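Participant: how would this look folded up:
(chains A, B, C and D)
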2 protein chains.
Amino acid sequence: MIVDILRNLYYRPMQPIAEIANALSRSIPSVTKQLNGLLMKDIIVEKGYAASTGGRKAIQYMLNEDLNHIVLSLSIDQFYTSIASSNLRTEVLHSENNIPIDLKGPEASAIIMDSLEDFLSKHQIRKHLVIGIGISMPGFVNSETGLNESYSEDSSLYNIREQIENRFEIPAVIDNDSRCVAWAEKKFGEAQDSSHSLVINLNWGVGLGILINDDIFKGTSGFAGEFSHIPLSDTLTLCSCGKRGCLEVEASISAAIRNIQKDIKKGAYSIYEKLELEHNNKVEALIKSVQIGDQVAINNIGKIGYLLGKGISTLIHILNPHRIIISGRGAEIGQILAPHIQVAVNEYSIPKIAKKTTLSISTLHRSAQQLGTTALVIEKFIARIIN
Amino acid sequence: MIVDILRNLYYRPMQPIAEIANALSRSIPSVTKQLNGLLMKDIIVEKGYAASTGGRKAIQYMLNEDLNHIVLSLSIDQFYTSIASSNLRTEVLHSENNIPIDLKGPEASAIIMDSLEDFLSKHQIRKHLVIGIGISMPGFVNSETGLNESYSEDSSLYNIREQIENRFEIPAVIDNDSRCVAWAEKKFGEAQDSSHSLVINLNWGVGLGILINDDIFKGTSGFAGEFSHIPLSDTLTLCSCGKRGCLEVEASISAAIRNIQKDIKKGAYSIYEKLELEHNNKVEALIKSVQIGDQVAINNIGKIGYLLGKGISTLIHILNPHRIIISGRGAEIGQILAPHIQVAVNEYSIPKIAKKTTLSISTLHRSAQQLGTTALVIEKFIARIIN
DNA sequence: CATTTCTTTTTAAAAAATTTAAAAAGAAAT
DNA sequence: ATTTCTTTTTAAATTTTTTAAAAAGAAATG
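Facilitator: As a prediction, this is how the structure comes out:
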């Protein structure tokens, strides 16, 4: 139970005993006892009183701010990797964002590890203070075995977790990127107040994290949430997975970019073209274009929004969620996307079912994946802060 | 906890203490204590020894066979209603099957209640022995409120549970038909050994019961599993729900029947025509036709099987279940359907995800809904057998 | 075939957790 | 300033679980 208390105080500092007891479904005397033990060891401290609700004020507890443990996170996507170190207050100490690493490249795993090595020496991070390394990446990641089954057994990305753990001699944990984003929304974002939400991780592809009973739902082999390859329409566009009409082909940011480029070829003017050259990152360029107000970009975002909404209506029918949260990098243009998604949801779903489902846009911005990846380490290795 | 023990012994008689303790996640001494209390009251009895696994034989417990409590079940579908009474050994004592009651008719609820009244007097059922009445019917049934929200508030079917409870002065409970079928599969059928399965209730429409963590998943407003209205294809056929391309329109038994009738009109010969007149029940006629080997019927079943498989592949992608179980009345032609479903699943889903999902056909036959509906009463009212 | 060894169930004692009740600490009202 | 009302915290009583010991069989050994 001590570990549960620590995890709880990580996510939500400054809690009275009653609140912790309630969150862990344990009695106040039991929690009090454990809390006293942690106080003795200086792992937690008393910190002020909770606002009175009419009676005696409750003492609040939090993790000792003197604890200088560090959590490392590797947020990997198809083309870019971000590294961050953070403390036990979820504050980022150092970060290196958008290091261009193409996962399809032959030495992806070596480059990732070298980047981490550079990061550690550049910021003089002392290994013995690091609780663990969290890794999030796209693909069929089985968090139990630590393997990314999207890659063949001879690929160096197949068992990247193990490689990192061995090379740096620090415990490492890995999970799918969308599940990390979903967990971040559950603990810090829009899914906090809901026990049953769906988090759409909009990036190059379209990921889905399913939250059921306040927990990530993984399915029987750990691959639940493969939203991006459900058949969406009868078009003939071929998907990378080999099937036709997959949602990803038509309703992802990649699809929008493809369509914008088509429009430009046809003669339309769009600032996207220029921004792509400047940023050297297509997603960033698209987001900027939309924010500037580029009509071609906005139109195409509207189109994928509508198709995404069609896919989402399937999710609503099957899972009847409390919330649908648009998160991941794409959340930055969520305000533009949302109305189109909503239109399609209204069109394709039965009102009675969709009535209690609200669509919201993440406010965690680009930090969602990092927060979730860091939390992965807390979930698994927080016990390491006890002596 | 006593209630949990009773429920457990209902579903699975002849269990040793250790097995009960394990199933309820409680300690052996606690279970032993409660069991002794129940023995004293003659609610349960010791019954022989379990087969030895090497050491001391364990005493088995079961509900006292002298208990003469009765459970009533009303299994309602769009056109027919079945009534059954059963004892605490899941044995059906009396039943009245397929009473033709059209739910769209103006006095459906009155006819249902009169039928139940007749049933009670015909079989001389003493009310004070009845633990409760279970009701299962299609539609947006909110089991918490006991209301069927598919009907408007002024419809007599909207609050049929309450009406029955008041008229017969027996506690009543209601849930959606597909969820009852799923629960029956979980407790008595193909889903017993799996904690995460999907049960397809194939009848006039296509229902879905979702089993997650050994429990029925209901969603945020109790309407999860509306599988039948997900967009399946871009055809223009209009669904009763007002949308186009719904799965139900193309992949239900009703669809198969429609297609057979079309074929017959075009001049094809099918025994279905004759059987429909004989049985005066289209589903029964279709099932018979297939069993006899009628080619037109078999071809059309193949077609809906394939489309159903396409829909199922969406479920597999999103929920990555351990088992997909074809149940409900349609399970009787499951052997014919299964290969077509499998073909479509192979075609439309990513092998990596679908690999661990097995497709199975229910062996509960037509009793699935009755078993689940009866279990509804056990779940809610079993405590009534104490004193 | 009796005795020993190994397993597993059941009972008993010890430890831990929860539930209930009482005491302490504030806030609001008289 | 005192009383009343709330809520937190501590304490005592139950309940439950964990651990250990005893009982009952099955299988193996000589």
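Participant: Could you check how far stretch A:301-312 is from the centre of its chain?
Facilitator: Distance, stretch centre to chain centre, for stretch A:301-312: 21 Å (Cα atoms, centre = their mean, to the nearest Å).
Participant: where do the helices sit along the stretch 151-300 of chain A?
Facilitator: Assigned by DSSP state H, counting those that start in this stretch, the helices in the stretch 151-300 of chain A fall at A:160-168, A:177-188, A:247-251, A:253-265, A:272-279, A:282-292, A:295-319.
Participant: In TSV: the ones you listed, plus mean neighbour count and mean pLDDT.
Facilitator: No exception for glycine: its C-beta is placed from N, CA and C like everyone else's. Formatted as TSV, the helices of the stretch 151-300 of chain A follow (neighbours: other Cβ atoms under 10 Å in any protein chain shown; pLDDT from 0 to 100):
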stretch	mean neighbour count	mean pLDDT
helix A:160-168	18	97
helix A:177-188	28	97
helix A:247-251	26	87
helix A:253-265	19	91
helix A:272-279	16	86
helix A:282-292	21	89
helix A:295-319	24	94
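Participant: Please name whichever of these is nearest to residue A:12.
Facilitator: With Cβ to Cβ as the measure, helix A:177-188 is the member of the helices of the stretch 151-300 of chain A nearest residue A:12 (8.4 Å).
Participant: Please report the distance of the closest residue to residue A:146 other than its chain neighbours from residue A:257.
Facilitator: Nearest non-adjacent residue to residue A:146, counting by Cβ to Cβ, 6 or more residues apart in numbering or on different chains: residue A:161, 4.1 Å away. According to Cβ to Cβ, to the nearest Å, residue A:161 stands 31 Å off from residue A:257.
Participant: The residue nearest to residue A:146: what's it in contact with?
Facilitator: A:135, A:146, A:147, A:172, A:173, A:174 (Cβ atoms under 8 Å, 6 or more residues apart in numbering or on different chains).
Participant: what do you get if the cut-off is 7 Å, keeping everything else the same?
Facilitator: A:135, A:146, A:172, A:173, A:174 (Cβ atoms under 7 Å, 6 or more residues apart in numbering or on different chains).
Participant: Neighbour-wise, give me the winner out of these.
Facilitator: Within those, neighbour counts (other Cβ atoms under 10 Å in any protein chain shown) peak at residue A:135, which reaches 29 neighbours.
Participant: Quick check: pLDDT value at that one.
Facilitator: Looking at residue A:135, its pLDDT is 98.
Participant: And for residue A:244?
Facilitator: Reported pLDDT for residue A:244: 75.
Participant: who's it bridged to?
Facilitator: residue A:238 (DSSP bridges).
Participant: Can you report how many residues lie near it?
Facilitator: Counted with other Cβ under 10 Å, residue A:244 comes out at 15.
Participant: gap between it and DNA strand C?
Facilitator: Counting by Cβ to the nearest atom of the strand, to the nearest Å, the separation of residue A:244 from DNA strand C is 53 Å.
Participant: pLDDT weak spots in the stretch 101-250 of chain A?
Facilitator: A:234, A:236 (pLDDT under 70).
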